[in-house]
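K.L.:
pasting the sequence and the predicted coordinates here, then a few questions.
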Amino acid sequence: MMASMGFVAEVYHCLTWHHIIVVVGIVYLIKYLWVVARARETLPPGPFPYPIIGNPLGKIAHLSLTSFAKKYGDIMTIFIGTRPVVVISGVKRIRECLLKHSHAFAGRPDMFMLRLIEPPDLPGIATLQYCPHLKLYRKLTHAALRNFLTVKHNQHYFQEMASTEAKRLISRFSSKNGKPFCPGTDIVIALGDIALVTLCGSDNIE
């Protein structure tokens, strides 16, 4: 017993941070390969992921997904980091999933960022899994928005706000001087301004 303890102590003293990093890296790689192998057995086909980063999609993600769909079909599996994600493309497949299997696709992924937004002991409409409570939350939210938007004063207010934001958006597009550009950022800014005005009364939050 004493000999074995001495051997462990000697090995411990011989270890360096380089050894520890290598061992941790090997353990992580083995675990990652096991997760990938299990996903490829039980989930639809897809491209083989890189460790840690998964399947990089580049700056224009939808073009990369379209390219993957041509090779692996309308239902495929990609890795976002270390998390396997099933991607569905094609109008027919999407319609089938959303209409015929809506309950199966109504849940929320268990993601760290979502847990930061809303604690697990007090979930809201953004993180709550599909259940009668989620249906009730949605119904109440839709009713509140409908009532808010159908009031005559609010209708006029939203028309003015949408008109103002549309003019800003046209101005941003005109500033490109006819050169090709991606309108995504400008559209997101426009929608964000509308959301800020709706919630806070101003799109300038300091």
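P.N.:
Alright, I've got the coordinates.
K.L.:
quick one: the strands in this protein?
P.N.:
75-80, 83-88 (DSSP state E).
K.L.:
just checking, what packs against the first one?
P.N.:
Right, strand 75-80. For strand 75-80, the elements it packs on are helix 17-42, helix 61-72, strand 83-88, judged by 3 or more C-beta pairs under 8 Å, 6 or more residues apart in numbering; DSSP states H and E. All C-beta spots, glycine's among them, are computed from the backbone N, C-alpha and C.
K.L.:
who wins for proximity to Arg172 among the ones you listed?
P.N.:
Nearest to Arg172 among the helices and strands packed on strand 75-80 is helix 61-72; the distance by C-beta to C-beta comes to 22.0 Å.
K.L.:
what about that closest one, distance to the chain center?
P.N.:
Once both centres are worked out by C-alpha atoms, centre = their mean, to the nearest Å, helix 61-72 turns out to sit 17 Å from its chain's centre.
K.L.:
over to stretch 162-180?
P.N.:
Per C-alpha atoms, centre = their mean, the centroid offset for stretch 162-180 relative to its chain is 28 Å.
K.L.:
from the rest of the structure, what touches that stretch?
P.N.:
Under the criterion C-beta atoms under 8 Å, 6 or more residues apart in numbering, residues 183, 186-187, 189-190, 193-194 lie in contact with stretch 162-180.
K.L.:
buried ones among those residues?
P.N.:
For the contacts of stretch 162-180, a neighbour count by 16 or more other C-beta atoms under 10 Å gives the buried set as 186, 190, 193-194.
K.L.:
what's the closest non-adjacent residue to Asp74?
P.N.:
Take Asp74 and drop its neighbours on the chain: the residue closest to it by C-beta to C-beta, 6 or more residues apart in numbering is Gly90, 4.0 Å away.
K.L.:
one step back: need the helices and strands packed on strand 75-80 in JSON lines with mean neighbour count, distance to Arg172 and mean pLDDT, can you?
P.N.:
Rendered in JSON lines, the data for the helices and strands packed on strand 75-80 read as follows (neighbours: other C-beta atoms under 10 Å; distance: least, C-beta to C-beta, whole Å; pLDDT from 0 to 100):
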{"stretch": "helix 17-42", "mean neighbour count": "11", "distance to Arg172": "42", "mean pLDDT": "80"}
{"stretch": "helix 61-72", "mean neighbour count": "13", "distance to Arg172": "22", "mean pLDDT": "87"}
{"stretch": "strand 83-88", "mean neighbour count": "16", "distance to Arg172": "31", "mean pLDDT": "85"}
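K.L.:
any low-confidence regions in this structure?
P.N.:
The model of the chain has pLDDT under 70 over residues 1-17, 19, 109-127, 149, 151-155, 199, 201-206.
K.L.:
all the helices of this structure, residue numbers only.
P.N.:
2-14, 17-42, 61-72, 91-95, 112-117, 132-150, 152-174, 184-200 (DSSP state H).
K.L.:
and Pro84, how far is that from Val35?
P.N.:
The spacing between Pro84 and Val35, counted by C-beta to C-beta, to the nearest Å, is 8 Å.
K.L.:
cool, Thr150 as well?
P.N.:
As defined by C-beta to C-beta, Thr150 lies at a distance of 49 Å from Val35.
K.L.:
now Met161
P.N.:
When distances are taken as C-beta to C-beta, Met161 and Val35 turn out to be 47 Å apart.
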